[in-house]
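*Asks:* build the 3D model from these lines:
(chains A and B)
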Number of protein chains: 2
Amino acid sequence: MALFGSPGKLSGLLLRMGQCVFAASSIGVMVSAHGFFNSTAFCYLVASMGLQVLWSFGLACLDLHALRSKTNLQNPVLVSLFVVGDWVTAILSLAAACSSAGVAVLYSRDLDYCKSPQIPCIRFQASILLAFISWFLLAISSHVAFWLLAAV
Amino acid sequence: MALFGSPGKLSGLLLRMGQCVFAASSIGVMVSAHGFFNSTAFCYLVASMGLQVLWSFGLACLDLHALRSKTNLQNPVLVSLFVVGDWVTAILSLAAACSSAGVAVLYSRDLDYCKSPQIPCIRFQASILLAFISWFLLAISSHVAFWLLAAV
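*Replies:* The predicted model follows:
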């Protein structure tokens, strides 16, 4: 089957590269924000985006290899591996992005911390936005893999 | 097909009732906690669990009707409706539970608010735990529905 974004296709490779780039930039922005380690949720966001960078980079390499050697990656065993890994990573990423978003909203709306110039709220929010984009791309990949598994 | 938890089966009805009960008790515990409305994330948890109660209760009624009149609910149009509704509700519930968990962890570990007796941290945590259980049951239902849709 040639679904958009399936493993071993050019669209799949682009999705994986997008996940990797957005997750890495989310880590970069968060680490550059002064005092992010004071909140457990922001530390968890960095850890979870790190996991996502590793996973997406590995699968991007696999896609690249399959494209160059014209291998077919769509056998049931490989696809079930992709599905399990994708779902675990996607749920962890969504959980990290949402818990950080909860804390960021608490800072900006409920505690009024953002009025003080020492707390870089803009950087926190930008990092969380990048994490959400990265999660959205991963969600597309994982739905496609799940659909392939059910149809294989 | 007779997958565990598919719509119109007894196991599906039990899953829906479990979602409904856990979401309703999550709302009850949260609303009984003094001062929950000071945090946007906790208000969002109540709203999202309210949506889940409505959705699960509606589908439980539909399952009950299908069981009593022995109707088959597994036609592609109905199943795609279930899939879309389940996924939207599940993602909103997970987002609400995780953002509330981020705030609860911030309260208890980073800001040390829980030492003051005025903040009912135990109730917040119990409500979040119930929300996670309710989300887990909904995730089972939505995966089963997605699998049915791909196999129909």
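*Asks:* quick one: low-confidence ranges for chain A?
*Replies:* Residues of chain A that meet the criterion pLDDT under 70 lie in A:1-2, A:152.
*Asks:* show me where it has strands.
*Replies:* With DSSP state E as the criterion, chain A has no strands.
*Asks:* how about the residues of chain A by chain B?
*Replies:* A:38-41, A:91, A:94-96, A:98-103, A:105-106, A:109-110, A:146-147, A:150-151 (Cβ under 8 Å from any Cβ of the partner chain). Yep, even glycine has a C-beta here, placed from its N, CA and C like the rest.
*Asks:* give me that answer again for 7 Å
*Replies:* Residues of chain A lying close to chain B by Cβ under 7 Å from any Cβ of the partner chain are A:38-41, A:94-95, A:98-103, A:105-106, A:109-110, A:146-147, A:150-151.
*Asks:* can you say which of these are buried?
*Replies:* Neighbour counting with 16 or more other Cβ atoms under 10 Å in any protein chain shown marks A:39-41, A:94-95, A:98-103, A:105-106, A:110, A:146-147, A:150 as buried within the residues of chain A next to chain B.
*Asks:* now, the residues you listed that are in helices?
*Replies:* Judged by DSSP state H, the subset of those located in helices is A:40-41, A:94-95, A:98-103, A:105, A:146-147, A:150.
*Asks:* so residue A:24 makes contact with residue A:53?
*Replies:* Yes: the pair residue A:24 / residue A:53 is scored as a contact, 5.3 Å apart, by Cβ atoms under 7 Å.
*Asks:* pretty sure residue A:133 contacts residue A:22?
*Replies:* Yes: judged on Cβ under 7 Å, residue A:133 makes contact with residue A:22 at a distance of 4.8 Å.
*Asks:* higher neighbour count, the two?
*Replies:* Using other Cβ atoms under 10 Å in any protein chain shown as the criterion, residue A:133 and residue A:22 rank with residue A:22 on top: 24 against 17.
*Asks:* where's that one relative to residue B:72, distance?
*Replies:* Between residue A:22 and residue B:72 the distance is 43 Å, computed by Cβ to Cβ, to the nearest Å.
*Asks:* in chain A, which spans are helices?
*Replies:* Using DSSP H, helices in chain A cover A:10-32, A:40-69, A:76-105, A:121-151.
*Asks:* from the contact counts, what lies against the first one?
*Replies:* When you say that, I think you mean helix A:10-32. helix A:40-69, helix A:121-151 (3 or more Cβ pairs under 7 Å, 6 or more residues apart in numbering or on different chains; DSSP states H and E).
*Asks:* need the winner for burial among these.
*Replies:* Of all those, helix A:121-151 has the most neighbours on average by mean count of other Cβ atoms under 10 Å in any protein chain shown, namely a mean of 21.
*Asks:* which strands and helices sit next to that helix?
*Replies:* So helix A:121-151, by 3+ Cβ pairs under 7 Å, 6+ apart, packs with helix A:10-32, helix A:40-69, helix A:76-105, helix B:121-151.
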